[in-house]
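K.L.:
what follows is a predicted structure for the sequence shown.
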Amino acid sequence: MTIIEDSPWTAYWQQLGKTLPPPKAILMVSAHWYTDASYIQGDINPEMIYDMYGFPPEMYEKVYAAKTSPELIERVQQLLKGTTGVKAVSRGYDHGCYSPLMRMYPKADIPLVQLSIDARKGTALWYAVGKALRPLRDEGYLIIGSGNEVHNLRAMVFDEKAIFPPCQVFDDALVKAVTTGDIATLLDWKKLEGAALSAAYPDHLAPLFYVLGAMDAGEPVQVFNRDLLFGSMSMTSYLIG
């Protein structure tokens, strides 16, 4: 609903778009491209994927008319040669990608490329891919991981102000680990209290590890949009660097 409803979350995304240095292009890792390998978009003008169901009709009329960047696609493939093979495929933009970007960069005038999450692998590979992509930041590219560190739709309750205690504990532990640079704890996140309920299926947590891999030791981290809601959902977000 952030696509069509204003909120403190969307206001912060808008603020980021105005205050961050304009990127050469954006590399987006979205929870909604969770695949059997590592893929990257190869289309010049990706179509919209409306991968959400039962929402107001106007949501399915929204278009984020961005274009990809052949230079970024080639650079990602080059950087990841020693970590994992990356195949360019035809694929549109999903709502994990365009929902925040419609607020951050509403003109859709910044080249945008999605990189898939390899569901066959685990945290170690996701983190390693992020480390391999670290040079992109120095080259003027923005790396975004889009998901929710607490995300369990099956456990959700329709009370926006509710939060299950184990999910609160898990979110607290992740915030502490990210802000203190405790990578060992993060890589072993399944052992944290509340992990089984908060991230029963890790697709929405995975983007965080791609971003963490591209983080330098001791870099400043800002925590924003830290809202826990519907029992098993968190909007907690991080700005690194």
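P.N.:
The structure has been received and is ready for your questions. Please read these numbers as outputs of a predicted model, since none were measured by experiment.
K.L.:
any idea how many residues pack against G17?
P.N.:
The tally of other residues near G17 (other Cβ atoms under 10 Å) stands at 18. Placement of C-beta: from N, CA and C, glycine included.
K.L.:
for it, report the pLDDT, please.
P.N.:
G17 is assigned a predicted lDDT (pLDDT) of 97.
K.L.:
thinking it is in contact with M104, fair?
P.N.:
Yes. With the criterion set as Cβ atoms under 8 Å, G17 and M104 qualify as a contacting pair; they are 3.6 Å apart.
K.L.:
so where's the protein uncertain?
P.N.:
Under the criterion of pLDDT under 70, none of the chain is flagged as low confidence.
K.L.:
where do the helices sit along it?
P.N.:
In the chain, the helices defined using DSSP state H lie at 8-19, 70-79, 95-104, 123-132, 135-138, 165-180, 183-187, 195-198, 206-213.
K.L.:
now distance to M235 too, for these, in a markdown table please.
P.N.:
Compiled in a markdown table, the helices of the chain are given as follows (distance: least, Cβ to Cβ, whole Å):
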| stretch | distance to M235 |
| --- | --- |
| helix 8-19 | 6 |
| helix 70-79 | 27 |
| helix 95-104 | 11 |
| helix 123-132 | 21 |
| helix 135-138 | 24 |
| helix 165-180 | 10 |
| helix 183-187 | 19 |
| helix 195-198 | 13 |
| helix 206-213 | 13 |
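K.L.:
nearest to V223, out of those?
P.N.:
Ranking those by distance to V223, with Cβ to Cβ as the measure, places helix 165-180 first at 5.9 Å.
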